[in-house]
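Colleague: Quick one: sequence plus predicted model below, questions after.
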Amino acid sequence: MPNHEYNQNSYDAVLARIDQKLGSIHSDVCEMKASHETMAHRISKLENFKYYLMGAIALSSVFFHYVVSKFKNGA
C-alpha cells in the first residue's frame, strides 16, 4: 500500500515549488520588458523635444540679435 502523506522534501513537491517560482520570475521579467519599452519610448520623445527646443532658442536668439542690431544701427 503506497504512502499518501505529503512530504515537502519529495521530488514532486520541490519541482512544483521550483515551477511556481519560475512562473513568478517569468511574469516579473515580462513586466520589466514592457516597462523598459515604454520608458525607452518616453526617453526618445524627451530627446526629440530637447533638440526642437534648442533649435527654437537658437532661432529666437538670431532673430533677437537681428532686431537689436537694426536698432543700434539706426534703422
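Modeller: Looks like it came in fine.
Colleague: Lys21 is in what secondary structure piece?
Modeller: Assigned by DSSP states H and E, Lys21 belongs to helix 11-72.
Colleague: I'd like the mean pLDDT over that helix, please.
Modeller: Averaged over helix 11-72, pLDDT sits at 94.
Colleague: Give me the distance from it to the chain's centre.
Modeller: Mean-position distance between helix 11-72 and its chain equals 5 Å (C-alpha atoms, centre = their mean, to the nearest Å).
Colleague: Just name whatever secondary elements that helix is in contact with.
Modeller: When contacts are defined as 3 or more C-beta pairs under 8 Å, 6 or more residues apart in numbering; DSSP states H and E, helix 11-72 packs onto no helix or strand at all. All C-beta atoms are positioned from the backbone trio N, CA, C, and that covers glycine.
Colleague: residue contacts, the most centrally placed residue in the chain?
Modeller: Centroid-nearest residue in the chain, with C-alpha atoms, centre = their mean: Met39, separated by 1.9 Å. In this structure, Met39 makes contact with no residue, judged by C-beta atoms under 8 Å, 6 or more residues apart in numbering.
Colleague: if I look at it, how far off is Ile25?
Modeller: In this structure, Met39 lies at 21 Å from Ile25, with C-beta to C-beta, to the nearest Å as the measure.
Colleague: One more: His41?
Modeller: From His41 to Ile25 the distance is 25 Å (C-beta to C-beta).
Colleague: And Val68, by the same measure?
Modeller: Counting by C-beta to C-beta, the separation of Val68 from Ile25 is 63 Å.
Colleague: How about Phe71?
Modeller: Computed with C-beta to C-beta, the distance linking Phe71 and Ile25 is 68 Å.
Colleague: okay, now Gln8: neighbour count?
Modeller: Counted with other C-beta atoms under 10 Å, residues neighbouring Gln8 total 7.
Colleague: what do you get for Lys33?
Modeller: Neighbourhood size, Lys33 [other C-beta under 10 Å]: 10.
Colleague: All good on my end, thank you.
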